[in-house]
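Student: The amino acid sequence is not available; the structure is as follows:
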């Protein structure tokens, strides 16, 4: 058995490269662009569409004019060629961002408030940042209010003092009873605000450092940002309360919440804005006048809270029954079970939905232009398109507004997808 | 062995309303109810006082008074002498028209885009992603305004159609696209046309019956009859035959240029078209995402199982994937329809006279009856929403997975 089979190779042959059509760009194109006749036809059609779009739009961008004072001047510069008159953006830049009534010497205030929004929102959005930064987030609303509206600094300070007092009372009493702690907190806040209001009336300076700007002077994209940020932040707690109410065992509370939610979800936002504009005044004590912007904030907040309540209800319903039972069997009472066990999980499940509502709400802030408030769309349709200088320039203005909204909304939705991946604790 | 017995029943004490969980919920509900009543009585008290101060009262008599304004797009008979009620009905019909048209086109656009987003063609996939993201992230109001302004700016005026060598020409000599709207032929119904319409309605029933029969035959015997061409034949055959038998009772009136404007035909306003296009393209982007999610929700194992049973790809889609995907797709689809209907209230921004424009716009401003008008407006939208949600619940219960 020692015969040696010599024709069997002892060493391995070198690997041959794969055939040309199975590697590199060619393979990728064959699989992704030309897999079969239908697929190839689709590719050709898409390339044609893209080609048409690019050749149609390119000269418009390439010939764009950035520094003229009116549309007729811009047309002269263009001299018959196709081209965009982006000079409307440079000339009306401040109006588009801040509205046409905000005092121009004070533009730095809303701009600063917007810049400060980023560090204020950061610790809420990214959990890895040090928790101490949350202190700035807590101060931010009062700071931003003071920056944008101006007036005496005492108002935001007393408003903040009310919240601090409420927090102190609450944390002092919460170990005994959640209910009494909440009642005490509300009472403390009301007392401080009442006293603060009287004090402000007495010692408030006549000429505050920051000039007071009335709400009706807010406009432009700033108004969209104010409405969006304020209404989303206010509607979140309200939405949680409504969702818990709808899940409650108490029939009367449940009915109140269901009727409210279904009513708000059943009517378009525009009718609620009509209510804010013309009807709400009838339901307030005679002689009360309060800001249109405040009325609109109330209505949009109610609107958003109904949608957020539905999202959170979905999250509450998606939690396994065992979580509720486990909380009960640990002997936790209802507020404890909700705060420590149920809500943290339910809110986590509802994050994508909440972000969807927030994006939708931010887009819906443009509707205020219908009740003649001058947000960015209102500015474009009203003062800018109606002016003799810029009558007839549609594409550039609406493109600019669309790009602004796209950046914000797309950014938020990308963030929510990142957060979803980050929070995913299920094993896949 | 001990027996657990009920604790001795305690006599009811006042403090138990607060400390005993059995009674505490009653206390809470009573407080909530009292607060609600207090809030309502406060608001209504204010309302009454304000109305008295302004010398007004709540009454719906204004609905019977002549409206005194004109509506440019009217599906039913209406003139400025008609009542406010009739103006509101015209508005309601206009809302329903744009909502109906929008839902159909949004579904077509959305399903196409959603399926193409899952295509294995890279370029098409990316194009559809761009479409979906661009429309989902920009307010619908901006889209409505852009399309409206571009239509009025880009389409030719009616006078462009005049002269020996007109700058613009009509499509098939029947449809004219102008900046005042689109003129389409108008069908003229003569005697006997009813017979044709009834025949067509009966053929629709016939198609449904035929398709049911083929399904039954397939399940019982495994024999598959052709479905495509018989459907078309049953649908159009009898109606066409009847059309000629009755002596062509339906004819078309073509729009024609007379003087400065088109006469005859039906004028579809530019505002309607802009609203329709914008709403369908915007809602289509959302529907595309729902469709994509629905198809992706069906696990790959289902497709593979069907393939291993020997089904062909078309059959796999029709018999296995789609019935399961529809269960996921239809509920969000219906809520998109609702959103579209509610968004159609933005018609007011381009001057299309829907119910928000008539009842909530001109009628409100002319009569000053803000409370009544807004109340009726809300009731209208609420009725539509609640009806559709009720139907949705019925449907959801019908298709729910029966788990035992």
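Tutor: That came in fine, so what should we check first? Every value quoted in this text rests on a predicted model; they were computed, and no experiment measured them.
Student: which residue ranges form the helices in the stretch 1-150 of chain A?
Tutor: Under the criterion DSSP state H, counting those that start in this stretch, helices of the stretch 1-150 of chain A are mapped to A:24-32, A:37-62, A:71-78, A:87-91, A:93-98, A:108-125, A:134-149.
Student: which parts of the fourth one are buried?
Tutor: In terms of neighbour count (16 or more other CB atoms under 10 Å in any protein chain shown), helix A:87-91 has its buried residues at A:87, A:88, A:89, A:91. For every residue, glycine as well, the C-beta is placed using N, CA and C.
Student: per-residue pLDDT, residue 5?
Tutor: No chain in the question, so chain A it is. Looking at residue A:5, its pLDDT reads 64.
Student: think we crossed wires, I meant chain B
Tutor: On pLDDT, residue B:5 comes in at 62.
Student: Kindly report the same for residue B:138.
Tutor: 92.
Student: wouldn't it be in contact with residue A:360 here?
Tutor: No: assessed by CB atoms under 8 Å, residue B:138 is found out of contact with residue A:360, at 11.9 Å.
Student: Pull the contacting residues for the spatially most central residue of chain B.
Tutor: Centroid-nearest residue in chain B, with CA atoms, centre = their mean: residue B:99, separated by 3.8 Å. By CB atoms under 8 Å, 6 or more residues apart in numbering or on different chains, the contact list for residue B:99 reads B:337, B:340, B:341, B:344.
Student: which one of those residues has the most neighbours?
Tutor: residue B:344 (29 neighbours; other CB atoms under 10 Å in any protein chain shown).
Student: if I read this right, that residue contacts residue B:278, doesn't it?
Tutor: No: using CB under 8 Å, residue B:344 makes no contact with residue B:278, being 10.1 Å away.
Student: Check the gap between the single nearest residue of the stretch 101-250 of chain A relative to chain B and residue B:45 for me.
Tutor: The minimum distance from the stretch 101-250 of chain A to chain B, using CB to the nearest CB, falls at residue A:250 (4.9 Å). Going from residue A:250 to residue B:45 by CB to CB, to the nearest Å gives 28 Å.
Student: So for these two, which residue has more residues nearby?
Tutor: Shown here are residue A:250 and residue B:45; by other CB under 10 Å, residue A:250 has more neighbours (15 against 12).
Student: Surely that one touches residue B:27?
Tutor: No: taking contacts as CB under 8 Å, residue A:250 lies outside contact range of residue B:27: 10.1 Å.
Student: and residue B:146, which of the helices of the stretch 1-150 of chain A is closest to it?
Tutor: Closest to residue B:146 of those is helix A:37-62 (CB to CB; 14.3 Å).
Student: Is chain B within reach of the closest one?
Tutor: Yes: counting by CB under 8 Å from any CB of the partner chain, contacts between helix A:37-62 and chain B involve A:39, A:42, A:43, A:46, A:47, A:49, A:50.
Student: Name the residue in residue B:138 and residue A:360 with the higher neighbour count.
Tutor: residue B:138 (24 against 17).
Student: Checking that one next. Helix, strand or coil?
Tutor: Secondary structure, DSSP: H, G, I helix; E, B strand; the rest coil: residue B:138 is coil.
Student: Which other helices and strands does the longest helix belonging to chain A contact?
Tutor: Across chain A, the longest stretch assigned as helix under DSSP state H is helix A:395-423. Where contact means 3 or more CB pairs under 8 Å, 6 or more residues apart in numbering or on different chains; DSSP states H and E, helix A:395-423 is packed against helix A:87-91, helix A:93-98, helix A:343-364, helix A:376-379, helix B:122-136, helix B:140-154.
Student: again, only this time at 10 Å
Tutor: Counting contacts by 3 or more CB pairs under 10 Å, 6 or more residues apart in numbering or on different chains; DSSP states H and E, helix A:395-423 packs against helix A:87-91, helix A:93-98, helix A:108-125, helix A:220-246, helix A:343-364, helix A:376-379, helix B:122-136, helix B:140-154.
Student: Under the pLDDT cut-off, which ranges of the stretch 101-250 of chain A? List them.
Tutor: A:204-207 (pLDDT under 70).
Student: Run through the residues of it sitting next to chain B.
Tutor: Residues of the stretch 101-250 of chain A found near chain B, taking CB under 10 Å from any CB of the partner chain as the criterion, are A:179, A:224, A:245, A:248, A:249, A:250.
Student: repeat that for 8 Å
Tutor: A:249, A:250.
Student: of all of the stretch 151-300 of chain B, which residue lies closest to chain A?
Tutor: Chain A sits closest to residue B:153 of the stretch 151-300 of chain B, with a gap of 6.5 Å, by CB to the nearest CB.
Student: I'd say that residue and residue A:394 touch.
Tutor: Yes: contact criterion CB under 8 Å: residue B:153 and residue A:394 qualify, at 6.5 Å.
Student: So between the two, which is more surrounded?
Tutor: residue A:394 (16 against 11).
Student: give me phi/psi at that one?
Tutor: For residue A:394, the backbone dihedrals are phi -100, psi -50 (criterion: degrees, to the nearest 10).
Student: Pull the number of nearby residues for the residue nearest to it when sequence neighbours are not counted.
Tutor: Take residue A:394 and drop its neighbours on the chain: the residue closest to it by CB to CB, 6 or more residues apart in numbering or on different chains is residue B:149, 4.2 Å away. Residue B:149 is flanked by 20 other residues according to other CB under 10 Å.
Student: again, but for the one 5 residues further on
Tutor: Close neighbours of residue B:154, defined as other CB under 10 Å, add up to 9.
Student: Just list the residues touching it, thanks.
Tutor: Residues near residue B:154 by CB under 8 Å, 6+ apart: residue B:179.
Student: any idea how far residue B:274 is from it?
Tutor: Distance, residue B:154 to residue B:274, using CB to CB: 12 Å.
Student: got it, and residue B:366?
Tutor: The gap separating residue B:366 from residue B:274 is 26 Å, by CB to CB.
Student: One more: residue A:210?
Tutor: Distance, residue A:210 to residue B:274, using CB to CB: 44 Å.
Student: Same question for residue A:404.
Tutor: To residue B:274, residue A:404 is 22 Å away according to CB to CB.
Student: what does residue A:47 give?
Tutor: Relative to residue B:274, residue A:47 is positioned 29 Å away (CB to CB).
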